[in-house]
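no FASTA, just this:
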């Protein structure tokens, strides 16, 4: 076998490792129910859940509790299956959190509690707004 | 009155640019073998017209922006009246149309340069070059043919884009002012980063055009010489553009670093890596024909990857997963066509020419110079591959769905950790190869000589590494490996530099660039690998008992004027400030009101941060009304103190709140501080129950734990907003309160108007107190004040130390120097051959 062949095989092997690891480390968009199932079957991978903040009939956000020192907070989130889940986050509440239209939490269940490592907000940006401010 | 003329002119110029690009492509192609001089002249003329049209488009758009013609959508959406000229230029890259225009602008400039610097390559490479320009111009055409929209024009009237009832009533309605520039772009780096990056984008087409021209005309080998300096130029500019973006992110965004493995960052990093790999094989080709095929493939790929990155960032496929995400203008189909046409072109040409391209059957020896270059190029390509596969996850989802499946793959949860892991392994290899490969490149090597050449550099680098290991306590095994190999690369390349520069300094580009890269790796290793969050919660009072596992709280809560300790610093939040043009920062509490969009009137006697004394009624100019700054003083016992001003920008039109850090720079480390959150200015203040205090003039009492003194009661003749009649009376109390750093004066007012009592409270923001005169009991010379308090002003900050980040910037600088030396050399070689009539 020529040296270049060995090299070629090595490169292909590395490429396969890269693809496998991408597939393995890729997260997924799931619901809280799926996330719970994953956690109970021992899968500790972090997943993405898309949803909204919980609101009362008047449209006011409810279920938000910052810690006394304001450095962390928990909130209630409603996922796409309308399941309500308390989410814990170890960072201060972002200033525009209450105004968000949609939230994506990245995290996992730990001892039956959902801990979000990252929160991505989608705000009703006037930036994209159609219409003119007269 | 609506300015129809400029819009029509713009439309016309876009069409002209498109048609002239088509004509130029055809005419250049007609003369591809340099046989027809009349076509040659015609083609040149057509490209001149094209370039002029592009410049005129840019000029027209700029005239519309600087003329504040808000009847146009682009002008309304991205600019406003108060934008200074440099931000008017920046608005070109706020919208997609403008950024495509910037790209075309550079292409037009480069096209003119290429026409004048090429002889035998002119027709064939310009045909390819003009062909790419057709696709770019089509992106801003804004023409609808058979219900298919081609491109999105920047010259559309607002009423044609936006559905608003006002246009039904008043079709000629022109908004008073525009919505302004995106706050993220209001930064000087954003004035120079996009043009640099787009010059990088534009230049990638040049080596591509030479390669394609070579494949078409059968000059399979010859294209390398003219393409090489341009490939180097492109890699240099693109690299600088990427790093400027990184620096902008570091200074302006608040994710706490310069690189976040964001899809948009990745999308340009990948073509850059491939282009650099291509440059290496092109250089190797000078010595070994087997590098030719690799060069062709890499150079073609790098341009296609640029087009792919354009597709990723502009088709909306990335959704909201990126800080950059451009708006989707419905150009995805067009971008896909652009992409597929060039993939197809590249593949067809390669297949056709494959057998005719020279290659060597000989096995490359491990002691040959090409072997090492090939290894380096391979590692670069693997790095690119490792990044592009996960970055394309949204694309894989789309493809699966296209075939009827469903896929819910998301990007890796921790992007930074995921990418860093692999890139770190590859970087170790890269450092090792770039150190060793150089010896093979400059000398004929065998076992014996290799040993000789390597002994000294290896010894020196091990020694240096050992010292750094002890001083900096690098313990992670992978970090240690990266450190060792990078130091080795610096030492080895320094040795090469010394010997090469002695004979001919022109040849030293490679050595300098490799030293630069190795230094960058060391800089990244320390500034990222050893970046340290100083603001870790050390109070021990974790609320987080509810958290299942122990969590790290990386932020610190600072109440106004209450010092907190953080590592060996004491930090104090001093309050919110506004930045003036002439006097530094001014306390917001000392500002009375705004006199204009960029003018403030001072309300209290105050001293600005540069020591200027300002009096009530003075007006100060500010640069940006949206910006507020948080003054945070760091004190290091025994070492003095410094002040940082992290920023928040609140843009109400776009409802955006953007935090930016402030950085204390020293030679060895940056101290980076940004505000995470602060009391929402839109939220109403909750005051405590009123507490009543009865005092006489001269008495002392406590307000929110501060010592206060009721000085006197004085009559007031005039009240703003209230007309006092003959029977009306108004008095104000003067109360002095000793704050931590200064004495505040509160002046609540009591007024009797038309026999009705009115109270005007006074609020001392810094002390979180509100004072009211409740009742006046003149018989007893007693006054009752009402006192309510609220939460003190606060901010939550994160502070990070980034050691040796300056090595990264130094490495970048050397990389640019190295590239420049190499470009000069390679361009000189091309010029010589061209002037001999060979090329």
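Good, I have the coordinates. For clarity, every value in this text was computed on a predicted model and none was experimentally measured.

what are the bridge partners for the nearest residue to residue A:54 once chain neighbours are set aside, then?
Computed as CB to CB, 6 or more residues apart in numbering or on different chains, the closest residue to residue A:54 that is not its neighbour in sequence is residue A:76, at 4.1 Å. All C-beta atoms are positioned from the backbone trio N, CA, C, and that covers glycine. Here residue A:76 sits in beta bridges with residue A:86, going by DSSP bridges.

Same question for residue B:719.
Assigned bridge partners for residue B:719, using DSSP bridges, are residue B:722.

Against residue B:747, how distant is it?
12 Å (CB to CB, to the nearest Å).

Could I get the full set of helices for chain A?
Along chain A, counting by DSSP state H, helices occupy A:3-25, A:32-40.

Quick check: which of those has the most neighbours on average?
Of those, the one with the most neighbours on average (mean count of other CB atoms under 10 Å in any protein chain shown) is helix A:32-40, at a mean of 16.

Show me what it packs onto, helices and strands only.
Contact partners of helix A:32-40 among helices and strands, from 3 or more CB pairs under 8 Å, 6 or more residues apart in numbering or on different chains; DSSP states H and E: strand A:47-53, strand A:102-110.

could you dump these to CSV with mean neighbour count and distance to residue B:314?
CSV is the format used below for the helices and strands packed on helix A:32-40 (neighbours: other CB atoms under 10 Å in any protein chain shown; distance: least, CB to CB, whole Å):
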stretch, mean neighbour count, distance to residue B:314
strand A:47-53, 21, 23
strand A:102-110, 20, 22
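
what ranges of the chain fall below the confidence cut-off?
I'll assume chain A. Within chain A, the ranges that satisfy pLDDT under 70 run A:1, A:123-134.

that answer is for a different chain, and I need it for chain B
Chain B contains residues with pLDDT under 70 at B:319-329, B:361-364, B:537-552, B:838-839.

And it, what are its domain boundaries?
B:1-181, B:218-411, B:441-530+B:807-839, B:544-682+B:796-800, B:691-790 (automatic domain parsing).

Output the ones you listed as JSON lines; include the columns distance to residue B:434.
As requested, the domains of chain B are exported to JSON lines (distance: least, CB to CB, whole Å):
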{"stretch": "domain B:1-181", "distance to residue B:434": "30"}
{"stretch": "domain B:218-411", "distance to residue B:434": "7"}
{"stretch": "domain B:441-530+B:807-839", "distance to residue B:434": "5"}
{"stretch": "domain B:544-682+B:796-800", "distance to residue B:434": "26"}
{"stretch": "domain B:691-790", "distance to residue B:434": "55"}
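
So which of the ones you listed is nearest residue A:6?
domain B:218-411 (11.2 Å; CB to CB).

start to end distance for the closest one?
43 Å (CA to CA, to the nearest Å).

residues near residue B:240, how many?
21 (other CB atoms under 10 Å in any protein chain shown).

what's the following helix or strand after the host helix or strand of it?
Here residue B:240, judged by DSSP states H and E, is contained in helix B:224-252. Per DSSP H and E, the first helix or strand lying C-terminal to helix B:224-252 is helix B:263-285.

what about that following helix, near chain A?
No: with CB under 8 Å from any CB of the partner chain as the criterion, chain A is not reached by helix B:263-285; the gap is at least 12.6 Å.

which other helices and strands contact that helix?
Using 3+ CB pairs under 8 Å, 6+ apart, helix B:263-285 is in contact with helix B:224-252, helix B:291-314, helix B:369-391.

Show me the one of these that comes nearest residue B:816.
Closest among these, once you apply CB to CB, is helix B:224-252, at 6.0 Å.

Could you export the helices and strands packed on helix A:32-40 as JSON lines, including distance to chain B?
Formatted as JSON lines, the helices and strands packed on helix A:32-40 follow (distance: least, CB to the nearest CB, whole Å):
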{"stretch": "strand A:47-53", "distance to chain B": "4"}
{"stretch": "strand A:102-110", "distance to chain B": "4"}
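
possible to save the ones you listed as CSV with distance to residue B:50?
Converted to CSV, the helices and strands packed on helix A:32-40 look like this (distance: least, CB to CB, whole Å):
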stretch, distance to residue B:50
strand A:47-53, 46
strand A:102-110, 44
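
The ones you listed: which one's closest to residue B:661?
strand A:102-110 (23.0 Å).

what sits up against that closest one?
A:27, A:35-36, A:38-39, A:44-53, A:77, A:87, A:89, A:114-122, B:413, B:548-549 (CB atoms under 8 Å, 6 or more residues apart in numbering or on different chains).

Please repeat the previous calculation with a cut-off of 7 Å.
With CB atoms under 7 Å, 6 or more residues apart in numbering or on different chains as the test, strand A:102-110 has contacts from A:27, A:35-36, A:39, A:44-53, A:77, A:87, A:114-122, B:413, B:548-549.

can you check stretch B:153-171 too?
Taking CB under 7 Å, 6+ apart as the rule, stretch B:153-171 contacts A:130-132, A:134, B:7, B:10-11, B:14, B:61, B:71-74, B:76, B:95, B:97-98, B:101, B:140-142, B:173.

what does stretch B:694-708 give?
Contacts of stretch B:694-708 (CB under 7 Å, 6+ apart): B:693, B:709-713, B:735-739, B:767-769, B:781-785, B:787, B:789.
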